[in-house]
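[1] my questions are about this predicted structure, shown below with the sequence.
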Amino acid sequence: MSKERPTVGTDGLPLPVLPPERDARVWARLVRVMFYTPGFLALLLLKAGEPAGFGITVELLMLASAAAVVGGLFIASQSDGKGPDTTPKTGVWSGALVVELLSAVPFLCAVPALFHQLASSTLLHAKAPDAVNVALGYSELLPAVAILPFLLYQLSGYGTLHYVLTRRVNWAVNLLILGLIVAASVANRTGAFVLERQIGSLLILFMAGTAVYGVLTLRRMQADFDRRSPHKDKDDKKDKDGN
């Protein structure tokens, strides 16, 4: 059982509120899922879709797969932080942030367009001569509902951004994510693929900037916590006494 974290530093000021300890093994399994699933779907779309309607879907899926690998590198660097550098203590948190922003978000943005392409592909399922063309209509948007649990995950305090950004900024970031995903999906459905690429590119640049800021902020918070933590003084005293 881990020790309870102190809330006040040796200088009498509040310590940074760090994310809870997370099981690196669980996140490593998630990395495997997020690597294989988007990559497989991208290959399926390339084989069975019509390139004219791809938009930015394939790029988003490949980004989701590649970002999972990078997130896995961060998670693999996790350690108890013994030594002068406190960076390894933030490995799982940083990896989680990369997976959440650069793997999950692109995947969720690609899902509506992916389903539309696979559902309407004439290469994947050739129509019989007497088949009736039934339009799916708004039911094609059902896969996009997955964005709602993601927002709940982020805004209910489960997401890593909850500990990096203030509450208002966190809400603004996640509402912007929702707005850009909806706008990209609408652009894809209306055939405005150039606009979809622009919106998708803006979303990814925003997520990349947020991830970089988050990783650096987590590192700074951990260093500040270690520098002013009362536990640090107790550990140093034990080492000197040889106990």
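    Sure thing, it's come through. Numbers count the residues shown, from 1 in each chain.
[2] hey, where'd the helices end up in the chain?
    For the chain, helices defined by DSSP state H occupy the ranges 24-48, 57-76, 91-99, 105-120, 147-155, 167-189, 193-228, 230-241.
[3] Asp11 is nearest to which of those helices?
    Judged by Cβ to Cβ, the one of the helices of the chain that comes nearest to Asp11 is helix 193-228, at 5.9 Å. C-beta: built from backbone N, CA, C; applies to glycine.
[4] report the rounded mean pLDDT for the closest one.
    The average pLDDT within helix 193-228 is 93.
[5] now render the helices of the chain as CSV, adding distance to Thr7.
    Shown next, in CSV, are the helices of the chain (distance: least, Cβ to Cβ, whole Å):
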stretch, distance to Thr7
helix 24-48, 25
helix 57-76, 27
helix 91-99, 19
helix 105-120, 32
helix 147-155, 24
helix 167-189, 19
helix 193-228, 11
helix 230-241, 10
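[6] closest one to Pro6 among those?
    Among those, helix 230-241 sits nearest to Pro6 (Cβ to Cβ), with 5.1 Å.
[7] now the most centrally placed residue in the chain: how far from Leu60?
    Note on the chain: the residue nearest the mean C-alpha position is Glu100, at 1.3 Å, using Cα atoms, centre = their mean. Glu100 sits 15 Å away from Leu60, going by Cβ to Cβ, to the nearest Å.
[8] likewise Leu195?
    Using Cβ to Cβ, we find Leu195 at a distance of 15 Å from Leu60.
[9] out of those two, which sits in the busier spot?
    Set Leu195 next to Leu60 and count neighbours by other Cβ atoms under 10 Å: Leu60 wins out with 25 against 16.
[10] could you double-check that the more buried one sits in contact with Ala104?
    No. Leu60 lies out of contact with Ala104 (Cβ atoms under 8 Å); the separation is 11.2 Å.
[11] and Ser139, what pLDDT?
    According to the prediction, Ser139 has pLDDT 65.
[12] same question for the one 3 residues further on.
    According to the model's per-residue confidence, Leu142 sits at a pLDDT of 78.
[13] ok, now which ones touch it?
    By Cβ atoms under 8 Å, 6 or more residues apart in numbering, no residues touch Leu142.
[14] how near is it to Leu30?
    Taking Cβ to Cβ, one finds Leu142 at 24 Å from Leu30.
[15] what's the closest of the helices of the chain to Leu18?
    helix 193-228 (6.0 Å).
[16] Leu155 - how many residues pack around it?
    17.
[17] no no, Leu114
    Applying other Cβ under 10 Å, I find that Leu114 has 25 neighbouring residues.
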